[in-house]
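Enquirer: Predicted model follows, preceded by the sequence.
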Amino acid sequence: MSQSRMVQIEQDILGKNNQYAAANRQLFQERQILALNLVSSPGSGKTSLLTRSIDDLKGELPITVIEGDQQTANDADRIRETGVSALQINTGKGCHLDAHMIGHAMESLQPADNSLLFIENVGNLVCPAAFDLGEAHKVAILSVTEGEDKPLKYPDMFHAADLMILNKTDLLPYLDFDVNKCIEFARRVNPDIEVLQLSAKSGEGMDAWYQWIRSRMV
Amino acid sequence: MHEMSICEGILQVMEEQATAQQFSRVKSVWLEIGPLAGVELEALRFGFDVVTRNSLADGAVLEIIEMPGTAWCLECSKSVPIRQRFDACPDCGSFQLQITGGDELRIKELEVE
């Protein structure tokens, strides 16, 4: 005869991910690797922003990239064309990268000490918000062809991000996108969020983004 | 969002605990979830039934304790209730809020045998 009893657990459901994330964060710190977790909707121009950034920065610092997508290695191929190492993670049915995947990727990528690691998360403004990868900062990329109210529609992500990049600003003259309103909405969900406006296509505003990275490299 | 992965996380914790605390079946699970955890409760219930099928928690009752969302309003210098991350202070309308509670996503306890 078995008798039922109560067992106290008091455990975070994402605790396992958080343990892996803490281990990644320690590794990044020991080896002075600046890990940036780039999050956005599909089509915000993340990969274009990355390839341009890599082209402009690879002369001054070592860069590696982890690419997350549900399927295909297209993005990692685009990154490798710039000459830096990239590892593609296909999440299959999964909607986000988790810290365990990043730990594994680090083993095969072997980024150099004092280097920059871009993690391009799955294009999704919902799930990646909840999964700490051990990164130094989450960077949310929003293109001006999207709605300016996206920070309100996907508050968890903009709350979790330290920097919001408004991309494709070269298209602003043709759109009704209200930049000030968008920034105001982002600050409602995250009063401390930093904002940069740029166009990965025209190059406008890219220097400020590079400065933002450089100031965090030391 | 990812309610399925969350359910798999719950199952993983239960399986680890089954070995550590010596039980073979879970009859009920109590979760503490806040409004800011980004979890859709209906999707979680559905996912829980699917993920626990043929496991030690097959047929277990899922009890969800909804935790309150709270924030510290910098303008009023006091704690106020919130439902969403973009809520304004219900008293002064300011958005200068620091969230202090409501993102819980925790397994509180289990009834086991």
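Expert: That came through fine.
Enquirer: Can you report how many residues lie near A:Ser215?
Expert: Other residues within reach of A:Ser215, judged by other Cβ atoms under 10 Å in any protein chain shown, total 8. No exception for glycine: its C-beta is placed from N, CA and C like everyone else's.
Enquirer: Could you check how far it is from chain B?
Expert: 25 Å (Cβ to the nearest Cβ, to the nearest Å).
Enquirer: Against which helices or strands is whichever strand or helix holds that residue packed?
Expert: Here A:Ser215, judged by DSSP states H and E, is contained in helix A:206-217. For helix A:206-217, the packing partners by 3 or more Cβ pairs under 8 Å, 6 or more residues apart in numbering or on different chains; DSSP states H and E come out as strand A:34-40, helix A:46-57, strand A:194-197.
Enquirer: out of the ones you listed, which comes closest to chain B?
Expert: With Cβ to the nearest Cβ as the criterion, chain B lies closest to strand A:34-40 of these, at 12.8 Å.
Enquirer: contacts for the closest one?
Expert: By Cβ atoms under 8 Å, 6 or more residues apart in numbering or on different chains, the surrounding residues in contact with strand A:34-40 are A:24, A:28, A:46, A:49-50, A:115-121, A:123-125, A:128-129, A:133-143, A:157, A:161, A:213, A:216-217.
Enquirer: Can you tell me what sits against the helix holding A:Ser215?
Expert: So helix A:206-217 is contacted by A:34, A:36, A:52-53, A:56-57, A:61, A:114, A:116, A:136-137, A:163, A:165, A:194, A:196, A:198-200 (Cβ under 8 Å, 6+ apart).
Enquirer: now swap in stretch A:160-180 and tell me
Expert: Taking Cβ under 8 Å, 6+ apart as the rule, stretch A:160-180 contacts A:39, A:44-45, A:49, A:129, A:137-145, A:148, A:151, A:158, A:182-183, A:186, A:190, A:192-202, A:204-205, A:209, A:212.
Enquirer: Which residue, other than its chain neighbours, is closest to the residue in chain A positioned nearest to chain B?
Expert: Per Cβ to the nearest Cβ, A:Pro155 is where chain A lies closest to chain B, at 3.8 Å. What sits nearest to A:Pro155 in space, not counting adjacent residues and going by Cβ to Cβ, 6 or more residues apart in numbering or on different chains, is B:Arg85, at 3.8 Å.
Enquirer: Buried residues in stretch A:146-159, which are they?
Expert: Using 16 or more other Cβ atoms under 10 Å in any protein chain shown as the test for burial, stretch A:146-159 gives A:Glu146, A:Glu148, A:Lys150, A:Pro151, A:Leu152, A:Tyr154, A:Pro155, A:Asp156, A:Met157, A:Phe158, A:His159.
Enquirer: Go ahead and flag the most central residue of chain A.
Expert: By Cα atoms, centre = their mean, the mean C-alpha position of chain A lies nearest to A:Leu38, the distance being 1.5 Å.
Enquirer: Quickly note the distance from that residue to B:Glu8.
Expert: 26 Å (Cβ to Cβ, to the nearest Å).
Enquirer: Next: A:Asp162.
Expert: Distance from A:Asp162 to B:Glu8, counting by Cβ to Cβ: 29 Å.
Enquirer: what about those two, which has more around it?
Expert: Using other Cβ under 10 Å as the criterion, A:Asp162 and B:Glu8 rank with A:Asp162 on top: 18 against 15.
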